[in-house]
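S.K.: missing the sequence, but the structure's below:
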């Protein structure tokens, strides 16, 4: 799988999640993070993701058809449980921003 | 400087730039990337940045007051020269997406 997500037709939505981990319970974090990423990819309205981690910091930028898809995923029971654990244990801090993608391009041009 | 950017009052704009490097001329890339990041921070309308690099891949999410600030920065002569070099030499591929941030929160709440 390529690191870069496709150039979907605009408009669509993105969730930019930037996090710093606490260092607590990291084995469980790694396992659950992988499961949640795999589960996200199966959700209605999921388009793609770009994600990097280094030195306990992560940026995960996910792409969604619309805000309704983001809200439904936010309320998925497995995701809700992971969010609660993340807030309480795994993250020392994070920022989550929801934004509407208005235009996009790559090295090769403006549409995939 | 914290890795995480502040929770600015919405709405504002973000540029999500995800890239894979070619491996060519990387010493120059590192030097110019640092100069361009420092220059971006001095631009009118710049709000903040979250950036990570690992294994020749980068995600840089910058935040801007409005689209006009993004367009002005895009046309800055030093930035334009770096973009041209990036397209020609440093990057094997990239995606750039411009999006309007509609809502945001952190571990501690919704506003900084």
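M.R.: In hand now; what should we look at? Predicted model, so just to flag it, every value in this text is computed and none were measured.
S.K.: in the longest strand along chain A, which residues are buried?
M.R.: Using DSSP state E to define each element, chain A has its longest strand at strand A:91-106. Neighbour counts using 16 or more other C-beta atoms under 10 Å in any protein chain shown place A:91, A:94, A:95, A:96, A:97, A:98, A:99, A:100, A:101, A:104, A:106 of strand A:91-106 among the buried residues. Yep, even glycine has a C-beta here, placed from its N, CA and C like the rest.
S.K.: could you list the residues of chain A in contact with chain B?
M.R.: Residues of chain A lying close to chain B by C-beta under 8 Å from any C-beta of the partner chain are A:3-5, A:7, A:14, A:16, A:18, A:20, A:50-54, A:57-59, A:61, A:87, A:91-108.
S.K.: hmm, back to that, output the buried residues of strand A:91-106 in TSV, with pLDDT and distance to residue B:46 appended to each entry.
M.R.: Shown next, in TSV, are these (pLDDT from 0 to 100; distance: C-beta to C-beta, whole Å):
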residue	pLDDT	distance to residue B:46
A:91	97	26
A:94	97	22
A:95	98	17
A:96	98	21
A:97	98	16
A:98	98	21
A:99	98	17
A:100	98	21
A:101	98	20
A:104	97	21
A:106	96	24
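S.K.: for chain A, what are the low-confidence residue spans?
M.R.: Across chain A, the ranges flagged by pLDDT under 70 are A:1, A:111-112.
S.K.: hmm, 80 instead?
M.R.: A:1, A:110-112 (pLDDT under 80).
S.K.: now the residue of it found nearest chain B: closest residue in space that isn't a chain neighbour?
M.R.: Going by C-beta to the nearest C-beta, chain B is nearest to residue A:99 of chain A, at 3.7 Å. Leaving aside its chain neighbours, residue A:99 sits nearest to residue B:99 (3.7 Å; criterion: C-beta to C-beta, 6 or more residues apart in numbering or on different chains).
S.K.: do residue A:32 as well
M.R.: residue A:82 (5.3 Å).
S.K.: quick check, the one you found in a helix?
M.R.: Yes - applying DSSP: H, G, I helix; E, B strand; the rest coil, one finds residue A:82 inside a helix.
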